[in-house]
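>>> The amino acid sequence is not available; the structure is as follows:
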């Protein structure tokens, strides 16, 4: 519980302003005489009180005490200081450079915080293969051709992604979040025990498809729970979380230098992601949008249907063209650094 206590000397007019409910970092509601509670804001609990004493000179000695507990899991420490300053410095409206455009409710803030934690795991799972395959083919005695074949086969994991996305629209986002996340972690762990390149590619074929589905589910849940003007902000925060997870896969790459089999430890570490996903899943509710519209049948006009097809086609074509360049560059990045520049795992970590 955080307590912010402010001592003020106010005129009667200034005291009257202080007695108005806040509409900045928090939206308040009256809870009694000189007492206000939480209407909306990223708090699990909130209470503000005023104790005013009149002075002979016509002014008032005011002690304003605000007690609150943030409702942002995992990342609350990042926002503790700016929110404390926002509580101490009252504004006329919600407007902070470090916050989303909309004031988040406790539910939205909690959901986004938990999804960011899961997104870190997803970022790790999606990066393991590209960072370690160069080391794996050395142990298995294979070359660049085999490495390219594995990368190509793994792309067929998109079929698994499509199936999971189809089920998420019918069974709900929450159960599929647990299934895709835990299954991808388990399969990645098993990849670290692979006796040959075929089994490694097979486990990653499914694991990468599941991790891609997990990333899509995270984005969908965020969009469905965030206020309309804050969805792009939420997407940027999730992207940073995915980058952090990808970075973690690079941070532990020096393990591959320990021995020819050292790369396997990076896969085995994925088992820690199961703990994170199960912990977050227990605290994540099903999205309100899915719950409210699960049985709803959406009927589109021919014009709307055609417009959506065009937009979907343009987005698909753009991503395909991007992947034609990005996928090979990402897959053979470490192989180039090791073969052409003589980098070790530690060197790649520092360089990346």
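Great, that's in hand. Since the model is a prediction, treat every value here as computed from it, not as a measurement.

>>> Now do the same contact list for the residue positioned nearest the centre of the chain.
In the chain, the centroid-proximal residue (Cα atoms, centre = their mean) is residue 116; its distance is 2.2 Å. Going by Cβ atoms under 8 Å, 6 or more residues apart in numbering, residue 116 touches 74, 75, 237, 238, 241. To be clear about C-beta, it is placed using only N, CA and C from the backbone, and glycine gets the same treatment.

>>> Show me how this protein divides into domains.
2-88, 106-351 (automatic domain parsing).

>>> Could I get the buried residue list for the strand or helix carrying residue 123?
Assessed by DSSP states H and E, residue 123 sits inside helix 106-125. By neighbour count with 16 or more other Cβ atoms under 10 Å, helix 106-125 contains the buried residues 106, 108-125.

>>> likewise stretch 9-29?
10, 15, 18, 22, 23, 24, 25, 26, 27, 28.

>>> And for stretch 162-170?
164, 165, 168.

>>> Of those residues, which belong to helices?
In this view, the buried residues of stretch 162-170 that belong to helices under DSSP state H are 164, 165, 168.

>>> Would you reformat the residues you listed as CSV and include distance to residue 266 and pLDDT?
As requested, these are arranged in CSV below (distance: Cβ to Cβ, whole Å; pLDDT from 0 to 100):
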residue, distance to residue 266, pLDDT
164, 24, 92
165, 28, 88
168, 29, 90
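
>>> Tell me which helix or strand the nearest residue to residue 251 once chain neighbours are set aside sits in.
Excluding the flanking residues, the one nearest residue 251 by Cβ to Cβ, 6 or more residues apart in numbering is residue 349, at 6.2 Å. Per DSSP H and E, residue 349 falls inside helix 345-351.

>>> what's that helix packed up against?
helix 231-251, helix 333-341 (3 or more Cβ pairs under 8 Å, 6 or more residues apart in numbering; DSSP states H and E).

>>> what residue ranges in the stretch 151-300 of the chain score low on pLDDT?
Scanning the stretch 151-300 of the chain for pLDDT under 70 picks out 293-300.

>>> Helices along that one, start to end?
158-171, 173-191, 197-225, 231-251, 264-268, 272-283, 288-293 (DSSP state H, counting those that start in this stretch).

>>> For residue 59, which of those is the nearest?
helix 231-251 (41.6 Å; Cβ to Cβ).

>>> So what angle separates the directions of the closest one and helix 106-125?
Here helix 231-251 runs at an angle of 30 degrees relative to helix 106-125 (axes from the mean of the first three to the mean of the last three Cα atoms, to 10 degrees).

>>> got the contact list for helix 231-251?
100-101, 112, 115-117, 119-128, 131, 215, 218-219, 222-223, 226, 266, 348-349, 352.

>>> Spatially nearest residue to residue 174, not counting backbone neighbours?
Excluding the flanking residues, the one nearest residue 174 by Cβ to Cβ, 6+ apart is residue 286, at 4.6 Å.

>>> likewise residue 222?
residue 234 (4.7 Å).

>>> That neighbour: neighbour count?
Close neighbours of residue 234, defined as other Cβ atoms under 10 Å, add up to 23.
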